[in-house]
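>>> compute the structure for the input listed below.
(chains A and B)
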Amino acid sequence: MNDTSVIQTRGLTKYFGRQPAVYELNLEVPRGCVFAFLGRNGSGKTTTIRMLMGLAQPTRGTGTIFGCNIEALTPEIRARIGYLTEEHQLYGWMNVTESGAFQAEFFPRWNDRIFRGIAGHFGLKPTAKVKDLSRGERAGLCLALTLAPEPELLMLDDPGLGLDPVARRSLVESMIFLTRKSDRTIFFSSHHLSDVERVADYIAVLDRSVLRACCPLEKFQESVQQVRMQFSGAPPVLPKIPGLLQAVRTENELRVTCAHYNGQTESILRSLSPLTMETVPLGLEEAFISYLGERGEKTFILSELEAQP
Amino acid sequence: MSLAFNIHPGANTPIYRQITDQVRLAVTTGKLAVGDQLPSVRALAEELVVNPNTVARAYADLMREGLLESRAGRGVFITPKRKVFSRAEGWRRLEPLLDTLIGEAMTLDFTREELREALEKKLTQWKQPKGGEQ
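Below is the predicted model:
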């Protein structure tokens, strides 16, 4: 066991019927990092988080949080974790202050300054009734409730879901605020890649239940490259390229997107003897889409549409 | 002097490179001079709303290049000696920018002569950076 890892899983697998929701997941989350858990809808992110929190039983495989088996998390370990679900469970009849006071009863270590600070950051009035709050305000209240006990590990299941850009910025700022203490770890899932790019040190990409990448953010960005090649006529047939994600051909251009781009990939592409060849780094969002989008060679979608009668 | 950073997540350049590029540019254009202080890692991270490790990485890169130095307990400063890149590395970085410039100029129907004149004129406008070699 590596004690610099806060979360560790080995072959963690969960089946619903015959369908694997999470398959053979090996995850390692270093202490003190901001870890973004990415993947399309239904790729198994929430199921993974629920297994880590001991709320869903793995079909096989193991996992630990702070070195403790996830199937037997003790109250002491749980008290060190702040868990924010997708659903934002709250009591509608309470107001903001009452929600805080109620939650505080469950936590020996409750920092009311943090609670009020985060709530204020989201523009919440202390006397506002929970049932009257907007989606963004509810998210803010839940975040305040989750952060006030000063958890060492923060598990956020899609905290940005349904938030407007202003509320999302407040969320990101709150996450950055939390990194003030260097031993705090944040594990969050999200579809907002610009936010991920701002806050994350590490990313893991889940693709249809299987972990496809788990590395520092910049490494992911740097390993996915697009090469644009121009030809005098129609581009030649593409040879087999390791790590090929996508190839798009137009009249005399071929755009190839590869993972793990290296010298070998480059020499294969050069052997096609294009007129020009240009390597374009991709932004996180573009890299992510080519990583998880449909693989293989295709023509530009619009020209396909035009071709139809 | 303070530098107004412009950070764009979603761009093709990773955020730490956007920061290093902007500091380098500010130094070459004289917006930042030798001895100027940069914000602390924490302060800049909160100002730009990015992960502090990203800022730390950008600063570390700039320190390795000899553009920045950290003075214990006081902060991060632009250093006097600015031997940043080898000549070869400098050319390697300049080439693609020249290609972009010339490509754009040709597309916009500027003549070679016009481009040369424009470049000369620009060069006289730009301040000679202090403490530079050559």
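>>> and the helix or strand harbouring A:E222, what does it pack against?
A:E222 belongs to helix A:217-223 when elements are defined using DSSP states H and E. Judged by 3 or more Cβ pairs under 8 Å, 6 or more residues apart in numbering or on different chains; DSSP states H and E, helix A:217-223 is in contact with strand A:202-207, helix A:284-292. In short, each C-beta sits where N, CA and C put it, glycine included.
>>> of those, which is nearest chain B?
Checking these against chain B by Cβ to the nearest Cβ gives helix A:284-292 as the closest, at 5.8 Å.
>>> packing partners for the closest one?
Short answer (3+ Cβ pairs under 8 Å, 6+ apart): helix A:284-292 packs on helix A:193-199, strand A:202-207, strand A:210-216, helix A:217-223, strand A:244-249.
>>> turn those into CSV, including mean pLDDT, distance to A:R255 and mean neighbour count.
Output for those, formatted as CSV (pLDDT from 0 to 100; distance: least, Cβ to Cβ, whole Å; neighbours: other Cβ atoms under 10 Å in any protein chain shown):
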stretch, mean pLDDT, distance to A:R255, mean neighbour count
helix A:193-199, 92, 21, 23
strand A:202-207, 91, 22, 22
strand A:210-216, 89, 21, 17
helix A:217-223, 85, 17, 19
strand A:244-249, 85, 5, 19
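>>> looking at those, spot the one closest to B:G103.
Among the helices and strands packed on helix A:284-292, strand A:244-249 comes nearest to B:G103, with 22.4 Å by Cβ to Cβ.
>>> that closest one pairs with which strands?
strand A:253-258 (antiparallel), strand A:296-299 (parallel) (DSSP bridges).
>>> can you give me how far it is from the chain middle?
Relative to its chain's centre, strand A:244-249 lies at 24 Å (Cα atoms, centre = their mean, to the nearest Å).
>>> what's the closest non-adjacent residue to A:C68?
Of all residues not flanking A:C68 in the chain, A:I77 sits nearest, at 4.7 Å (Cβ to Cβ, 6 or more residues apart in numbering or on different chains).
>>> looks like the one you found contacts A:N69 (just checking).
No: contact between A:I77 and A:N69 fails when scored by Cβ atoms under 8 Å: they sit 9.6 Å apart.
>>> who has more neighbours out of those two?
Using other Cβ atoms under 10 Å in any protein chain shown as the criterion, A:I77 and A:N69 rank with A:I77 on top: 19 against 13.
>>> mean pLDDT lowest where, among the strands paired with strand A:244-249?
Among these, strand A:296-299 carries the lowest mean pLDDT, a mean of 56.
>>> CA atoms only: put stretch B:36-53 into CSV for me.
Presented in CSV, the C-alpha positions along stretch B:36-53 are these (Å, rounded to 0.1, in the frame of the first residue of the first chain):
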residue,chain,number,x,y,z
ASP,B,36,9.8,43.6,-10.8
GLN,B,37,7.9,41.4,-8.4
LEU,B,38,5.2,38.9,-9.5
PRO,B,39,2.3,37.9,-7.3
SER,B,40,2.8,34.8,-5.1
VAL,B,41,1.7,31.5,-6.4
ARG,B,42,-1.4,31.5,-4.2
ALA,B,43,-2.4,35.1,-5.0
LEU,B,44,-2.1,34.6,-8.8
ALA,B,45,-3.9,31.3,-8.6
GLU,B,46,-6.8,33.0,-6.8
GLU,B,47,-6.8,35.9,-9.2
LEU,B,48,-6.8,33.7,-12.3
VAL,B,49,-9.1,31.1,-10.7
VAL,B,50,-6.7,28.2,-11.5
ASN,B,51,-5.1,25.5,-9.5
PRO,B,52,-2.1,26.8,-7.5
ASN,B,53,0.0,23.9,-8.8
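>>> chain B contacts on chain A?
Residues of chain A lying close to chain B (Cβ under 8 Å from any Cβ of the partner chain) are A:33-34, A:169, A:172-173, A:176-177, A:179-180, A:193-195, A:197-201, A:217-218, A:221-222, A:280-286.
>>> the stretch 1-150 of chain A: helices as residue ranges?
Here the stretch 1-150 of chain A has its helices, by DSSP state H, counting those that start in this stretch, at A:45-52, A:75-78, A:96-104, A:112-121, A:135-147.
>>> residue ranges with poor pLDDT in chain B?
B:1-2, B:81-84, B:127-134 (pLDDT under 70).
>>> which parts of it sit against chain A?
Near chain A, when you scan chain B using Cβ under 8 Å from any Cβ, you find B:9-16, B:42, B:45-46, B:49-53.
>>> state the pair within the residues you listed that is farthest apart.
B:N12 and B:R42 (27.3 Å).
>>> for chain A, give me its nearest residue in chain B.
At 3.9 Å from chain A, B:P9 is the closest residue in chain B, using Cβ to the nearest Cβ.
>>> ok so, going back, nearest to A:S189 among the helices and strands packed on helix A:217-223 would be which one?
Across the helices and strands packed on helix A:217-223, closest to A:S189 is strand A:202-207 (Cβ to Cβ), at 8.9 Å.
>>> now the closest one, how far from the chain's geometric center?
With Cα atoms, centre = their mean as the basis, the mean position of strand A:202-207 lies at 6 Å from the chain mean.
>>> show me what contacts A:K14?
Residues near A:K14 by Cβ atoms under 8 Å, 6 or more residues apart in numbering or on different chains: A:P20, A:A21, A:V22, A:G44, A:T47, A:T48, A:M51, A:A56, A:Q57, A:P58, A:T59.
>>> any idea how far the fifth one is from A:Q57?
In this case it means A:T47. Here the criterion is Cβ to Cβ, to the nearest Å. By it, A:T47 lies 11 Å from A:Q57.
>>> mind listing what's buried in the helix or strand encompassing B:I102?
Assigned by DSSP H and E, B:I102 belongs to helix B:87-107. For helix B:87-107, a neighbour-count test (16 or more other Cβ atoms under 10 Å in any protein chain shown) marks B:A105 as buried.
>>> specify the angle between the helix or strand that B:L123 is a member of and helix B:87-107 in degrees.
Using DSSP H and E, B:L123 maps to helix B:112-125. Angle, helix B:112-125 to helix B:87-107, by axes from the mean of the first three to the mean of the last three Cα atoms, to 10 degrees: 130 degrees.
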